[in-house]
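**Student:** structure for this input, please:
(chains A and B)
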Amino acid sequence: EPEVTQTPSHQVTQMGQEVILRCVPISNHLYFYWYRQILGQKVEFLVSFYNNEISEKSEIFDDQFSVERPDGSNFTLKIRSTKLEDSAMYFCASSTAPSTGKSHGYTFGSGTRLTVV
Amino acid sequence: DQQVKQNSPSLSVQEGRISILNCDYTNSMFDYFLWYKKYPAEGPTFLISISSIKDKNEDGRFTVFLNKSAKHLSLHIVPSQPGDSAVYFCAASFTYSGAGSYQLTFGKGTKLSVIP
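**Tutor:** Numbering: from 1, shown residues only, chains lettered A, B, ... in the order given. Now for the predicted structure:
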């Protein structure tokens, strides 16, 4: 079964440092997403990406965050200057066209646990 | 602002019995609802969904019921099995006109424990 792959599985970084979280979505999917889950809290939407541009973003996704699809397979989330409160599990997801693919939802990766110290 | 609420953080059920997980929502614009299951150290896995034009969708042991007037949905698992022990998230979305992605709004999850 096709998978969304995320690397690394765990990243520890110092406050103020830049981090890049990497994702390889399912190859025939067109929509890409980042979500995060702070420990003990709900999964929260960060950003969606389609046709090489951001299609939606939440208020969490401020200027410190950026996303990129640098080649045909990778999808990255960059946090420019990490803060303690950025510590969370970050999930990448991909989907087919939303209007027709909803019956199967997204496919999520296993997540990257980001710890900011 | 919790648009999707799962008021029970945990639920314990005996193996073979029915598990009922509940979810309430406040945004009447939501027109699609999904349940995800999550094991520790894994991402959420899609389980079952329902469109707002339906009130029931069934897939094997899993049935989702939607009560639009009450803005309530529930997931029934019968019979429950130990392997069903996981955190279950309710999620909702609404359709945009034209092309575009859709975001999911999640509840906080309910941890289901199925006791052998």
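**Student:** what does residue A:79 show for phi and psi?
**Tutor:** The phi/psi pair for residue A:79 (degrees, to the nearest 10) reads phi -110, psi 120.
**Student:** and for residue B:84?
**Tutor:** Dihedral angles for residue B:84 - degrees, to the nearest 10 - are phi -80, psi -10.
**Student:** for residue B:83, same thing?
**Tutor:** Dihedral angles of residue B:83 (phi, psi; degrees, to the nearest 10) stand at phi -70, psi -10.
**Student:** separation between it and residue B:113?
**Tutor:** 12 Å (C-beta to C-beta, to the nearest Å). Heads up, the C-betas are built off the backbone N, CA and C, glycines and all.
**Student:** list the helices and strands the helix or strand harbouring residue B:35 packs on?
**Tutor:** Applying DSSP states H and E as the criterion places residue B:35 in strand B:32-38. Using 3 or more C-beta pairs under 8 Å, 6 or more residues apart in numbering or on different chains; DSSP states H and E, the elements in contact with strand B:32-38 are strand B:19-25, strand B:45-51, strand B:62-67, strand B:86-93.
**Student:** from the chain's centroid, how far away is the second one?
**Tutor:** So the one you mean is strand B:45-51. Strand B:45-51 sits 7 Å away from the centroid of its parent chain (C-alpha atoms, centre = their mean, to the nearest Å).
**Student:** buried residues, whatever helix or strand comes next after it. List them.
**Tutor:** Remark: after strand B:45-51, the chain's next helix or strand is strand B:56-59, criterion DSSP H and E. For strand B:56-59, a neighbour-count test (16 or more other C-beta atoms under 10 Å in any protein chain shown) marks residue B:57 as buried.
**Student:** residues contacting strand B:56-59, please?
**Tutor:** Applying C-beta atoms under 8 Å, 6 or more residues apart in numbering or on different chains, the contact partners of strand B:56-59 are B:48, B:49, B:50, B:63, B:64, B:65, B:66.
**Student:** can I get that strand in PDB? Just the C-alpha atoms.
**Tutor:** What follows is strand B:56-59, C-alpha atoms only, in PDB (Å, rounded to 0.1, in the frame of the first residue of the first chain):
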ATOM      1  CA  LYS B  56     -25.400   6.300   8.100                       C
ATOM      2  CA  ASN B  57     -22.300   4.700   6.500                       C
ATOM      3  CA  GLU B  58     -21.200   1.200   7.200                       C
ATOM      4  CA  ASP B  59     -17.900  -0.600   6.500                       C
END
